[in-house]
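1. here is a sequence together with a model predicted from it:
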Amino acid sequence: MGKGQDVLNNKWRKNMSVILNEDSTLEEWCKELAEIYGNNVSVSVYPLFRWSQFMNDVTILAEETRRKRYPESIPQIARILGRFLDFIGAYLNRSPIPTFPNTDNDRWKVWQSLADLLAASFQLKSFEHLPAEHLPEGLTRWILAKYPKVCSKCGMKPCHCVVEPWVFENRREDLEAYKEYKKYIKNKEEANYKLQNELKKMEPDNNLSLKKFFTFFSGIYRNSYHKAEIDSIVMHLSEEVGEATTELTRLQLIWLAPVKIFTKKRIEEIKNVVEAKTVPKLHKIPELENEIKKRLSVLHKELDNLVSNKEETKNKMRDLFGEKFPINKGKPDEWVRLWFIVKISEKLKEELADIASWIAAIACKLDEIVKINKNHDGSEVGSEVIKELKSIYVSTNTLRPKPRCRACNQPQCNDKCLLEHSCSNELVEHIMMM
């Protein structure tokens, strides 16, 4: 075979879609599902529209479980997982390189749209304690940062929060509960250290597969799932979705806000707000005093350096946003906006990791309720949800199974399909006056 044919074959393989199955990574699912709606659907550039579709599916699940329609809930949680992976993939794989348009009405826009800002936020370097070369930015990284193979609160596997629930519920208000909680903090620190060393010894790209995603969380929390009611678990998912929505709207506010809001005076006000929300805890838990004062001192220094140490700020922003980020064209006061973006982005990723954990929890609980996992050893957890996810999004009517829109059955969805299938049952009932 000639060299030219090799080049063509390599190019063809590079452009082929991944065959999505239970062994495909979360990141592969994210990328492939996002491409269904990424090119020909106009509203896909509006992150909050995409997110609202995900939120709507969560409310439908709540209604299904309230009515105890558990078999019907399995395809619904599969749709929720699909929406979730699609949302992350849409912006994790979007080109994040910003441009500086002319200033218009005192507004400084590094990014032309909220979609571009969210893409930059998802692709920002985060959780620096995890080696980037072994765990690229993406959902797996965010999950392991929050859940280093142990519970995010007690730092143990299996989770021991159910053993002393009063400790975890009252740790922020009660001195005795906080004293007990301190021993669990050490568990989490040790787990993080162990994970870092494990990743350094492994080959690059340690992303979770879809199958391992379910077994990962069931291995930590299966004892908790067993005791919890399904309605309670769905409520927890709704709570985390609400918290992620708050962070998304914060990003939108920062993108829309005029430059003049981000001033040195604003920095002082931020310090005051943080102190006002933190210092009262000292009266309830005196042992926190040194730790809180230390963290406030670090925050003050970090905020002061934003505008006083220009070169250090430039270097830090370049490291976070990439070498091509046009930091020289921004003004020091405007870097406060970037600081907010960095903080909110990492918080948003934590919330997305929490959402992932509760999606897995619901799948595990539904397995238990409808007796799908007959051997009850946890090895098949999530298998029915995976089967439903594949039936919804992966066409098997072609030589190479490929992702496709669940409504129009096309690999590239469009506005026509979205409009035709956007009528909810409630809207149909209203139109027909039923």
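-> On my side now, so go ahead. Numbers count the residues shown, from 1 in each chain.

2. give me the low-pLDDT residue ranges for the stretch 201-350 of the chain?
-> Scanning the stretch 201-350 of the chain for pLDDT under 70 picks out the ranges 203-205, 258-264, 278-288, 307, 309-310, 314, 318, 321-334.

3. contacting residues for the nearest residue to residue 44 once chain neighbours are set aside?
-> Residue nearest to residue 44 in three dimensions, not counting chain neighbours: residue 37, with 4.9 Å by Cβ to Cβ, 6 or more residues apart in numbering. C-beta here means a position set from N, CA and C on the backbone, and glycine is covered the same way. With contact taken as Cβ atoms under 8 Å, 6 or more residues apart in numbering, residue 37 is in contact with 44, 50, 86, 90, 405, 413.

4. again, 10 Å this time
-> Listed by Cβ atoms under 10 Å, 6 or more residues apart in numbering, the contact set of residue 37 reads 43-44, 50, 53, 86-87, 89-90, 405, 412-414, 417-418.

5. ok, those residues vs residue 163, which is closest?
-> Set against residue 163, the nearest of the contacts of residue 37 by Cβ to Cβ is residue 87 (35.2 Å).

6. list the buried residues of the helix or strand hosting that closest one.
-> Using DSSP states H and E, residue 87 sits within helix 70-92. Within helix 70-92, the residues that qualify as buried are 73-92, counting by 16 or more other Cβ atoms under 10 Å.

7. only alpha carbons, please: show it as CSV.
-> Presented in CSV, the C-alpha positions along helix 70-92 are these (Å, rounded to 0.1, in the frame of the first residue of the first chain):
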residue,chain,number,x,y,z
TYR,A,70,-40.1,2.5,38.4
PRO,A,71,-39.7,0.5,35.1
GLU,A,72,-40.6,3.7,33.2
SER,A,73,-38.0,5.6,35.2
ILE,A,74,-35.1,3.5,33.8
PRO,A,75,-35.3,5.0,30.2
GLN,A,76,-35.9,8.4,31.8
ILE,A,77,-32.6,8.3,33.8
ALA,A,78,-30.9,7.1,30.6
ARG,A,79,-32.3,10.2,28.9
ILE,A,80,-31.0,12.4,31.7
LEU,A,81,-27.6,10.9,31.5
GLY,A,82,-27.6,11.4,27.7
ARG,A,83,-28.5,15.1,28.2
PHE,A,84,-25.9,15.5,30.8
LEU,A,85,-23.1,14.0,28.7
ASP,A,86,-24.2,16.0,25.7
PHE,A,87,-24.1,19.3,27.6
ILE,A,88,-20.6,18.7,28.9
GLY,A,89,-19.3,17.5,25.5
ALA,A,90,-20.8,20.5,23.7
TYR,A,91,-18.5,22.9,25.5
LEU,A,92,-15.6,20.7,26.5
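
8. and it, what does it pack onto?
-> helix 26-37, helix 47-66, helix 114-123, helix 139-146, helix 210-227, helix 230-256, helix 335-369, helix 383-393 (3 or more Cβ pairs under 10 Å, 6 or more residues apart in numbering; DSSP states H and E).

9. my read is that residue 358 contacts residue 238, right?
-> Yes. Residue 358 is within contact range of residue 238, at 8.8 Å (criterion: Cβ atoms under 10 Å).

10. higher neighbour count, the two?
-> Using other Cβ atoms under 10 Å as the criterion, residue 358 and residue 238 rank with residue 358 on top: 21 against 17.

11. and the more buried one, what is it in contact with?
-> Contact partners of residue 358, counting by Cβ under 10 Å, 6+ apart, are 58, 217, 221, 233-241.

12. ok, now how distant is it from residue 77?
-> Residue 358 sits 10 Å away from residue 77, going by Cβ to Cβ, to the nearest Å.

13. picking up where we left off before, format the helices and strands packed on helix 70-92 as JSON lines; extra columns: distance to residue 154.
-> Formatted as JSON lines, the helices and strands packed on helix 70-92 follow (distance: least, Cβ to Cβ, whole Å):
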{"stretch": "helix 26-37", "distance to residue 154": "25"}
{"stretch": "helix 47-66", "distance to residue 154": "27"}
{"stretch": "helix 114-123", "distance to residue 154": "29"}
{"stretch": "helix 139-146", "distance to residue 154": "13"}
{"stretch": "helix 210-227", "distance to residue 154": "10"}
{"stretch": "helix 230-256", "distance to residue 154": "16"}
{"stretch": "helix 335-369", "distance to residue 154": "14"}
{"stretch": "helix 383-393", "distance to residue 154": "26"}
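
14. do you know which of those helices lies nearest residue 427?
-> helix 47-66 (12.0 Å).

15. for the closest one, buried residues please.
-> 47-48, 50-51, 53-55, 57-58, 60-62, 64-65.
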